[in-house]
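1. Here's my sequence, what's the structure:
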Amino acid sequence: MLETGPEESLTAGMDELLAALERLYQEVDRRASLLDGQHGERLRCRRGCTACCVDEISVYAVEAENIRRHHGAWLATATPHPAGACAFLDEAGACRIYAQRPYVCRSHGYPLRWLDETESGAVELRDICPLNEAGEPIETLPAALCWTIGPVEEALAKLQYLADGGAMRRVRLRTLFGEATDPKR
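-> Prediction:
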């Protein structure tokens, strides 16, 4: 068995976590594709729609590392979009890292549902981007036609826990620009 130092071991561990993250993204995209088919008429989310692409978005460090791994050299020299909108938007409002966009960007726009604990028990809440409100009221949609908040977030949290031992570090997307690239990250 090949012995590795702490840096190599961390890199190998991160490689496994990033592979698990990619599998999670594939599942998210598969589910999102199903919702696209169900809600195609109501969804106004298209290339150039930046209503949800706000500044100050932060993601778990494991997602930031995924972006670094795929775009490190570019991040070192690229200029972020001006403050006020997501740093990764180009001048036409398109995402410059679309294939590696974080989870939060993969689930925007859909009818959302989640459970909130109250003193009298759990209550289901729903929301949707105001641009996508037209159509059947989201309150009457079957649960399967909504994006359920919780399961993916839990899976991401587990990956981040494994990545940093429970520190649950988050990274602002804008801070990725101008970083020196380190192939061992």
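2. contacts, neighbours, all on C-alpha from now
-> Fine.
3. which other helices and strands contact the lengthiest helix in the chain?
-> Counting residues, the longest helix found in the chain (DSSP state H) is helix 6-39. Applying 3 or more CA pairs under 8 Å, 6 or more residues apart in numbering; DSSP states H and E, we find helix 6-39 packed against helix 61-77, helix 103-106, helix 151-164.
4. could those helices be laid out in TSV, adding mean neighbour count and distance to residue 120?
-> Output for the helices and strands packed on helix 6-39, formatted as TSV (neighbours: other CA atoms under 10 Å; distance: least, CA to CA, whole Å):
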stretch	mean neighbour count	distance to residue 120
helix 61-77	19	36
helix 103-106	16	30
helix 151-164	16	23
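5. For residue 40, which of those helices is the nearest?
-> With CA to CA as the criterion, residue 40 lies closest to helix 103-106 of these, at 15.6 Å.
6. now for the closest one, which elements pack on it?
-> helix 6-39.
7. what angle do the helix it packs on and helix 61-77 make?
-> Orientation note: helix 6-39 sits at an angle of 100 degrees relative to helix 61-77 (axes from the mean of the first three to the mean of the last three CA atoms, to 10 degrees).
8. can you give me the mean pLDDT across helix 6-39?
-> Throughout helix 6-39, pLDDT has a mean value of 85.
9. ok, and for that helix, which residues are buried?
-> Within helix 6-39, the residues that count as buried by 16 or more other CA atoms under 10 Å are 14, 17-18, 21, 24-25, 28, 32, 35, 39.
10. okay, those in TSV with distance to residue 113 next?
-> Formatted as TSV, those follow (distance: CA to CA, whole Å):
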residue	distance to residue 113
14	31
17	28
18	27
21	23
24	19
25	19
28	15
32	14
35	13
39	15
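11. now, among the residues you listed, which is nearest to residue 52?
-> For these, the nearest to residue 52 is residue 32 (16.3 Å; CA to CA).
12. from what I can see the closest one touches residue 109, true?
-> No - using CA atoms under 8 Å as the test, residue 32 is too far from residue 109 to be in contact (10.2 Å).
13. residues touching the nearest residue to residue 75 once chain neighbours are set aside, list them.
-> Spatial nearest neighbour of residue 75, excluding adjacent residues (CA to CA, 6 or more residues apart in numbering): residue 177 at 4.9 Å. By CA atoms under 8 Å, 6 or more residues apart in numbering, residue 177 lies in contact with 75-80.
14. please redo it, this time with the cut-off set to 7 Å
-> When contacts are counted by CA atoms under 7 Å, 6 or more residues apart in numbering, residue 177 is found next to 75-76, 78, 80.
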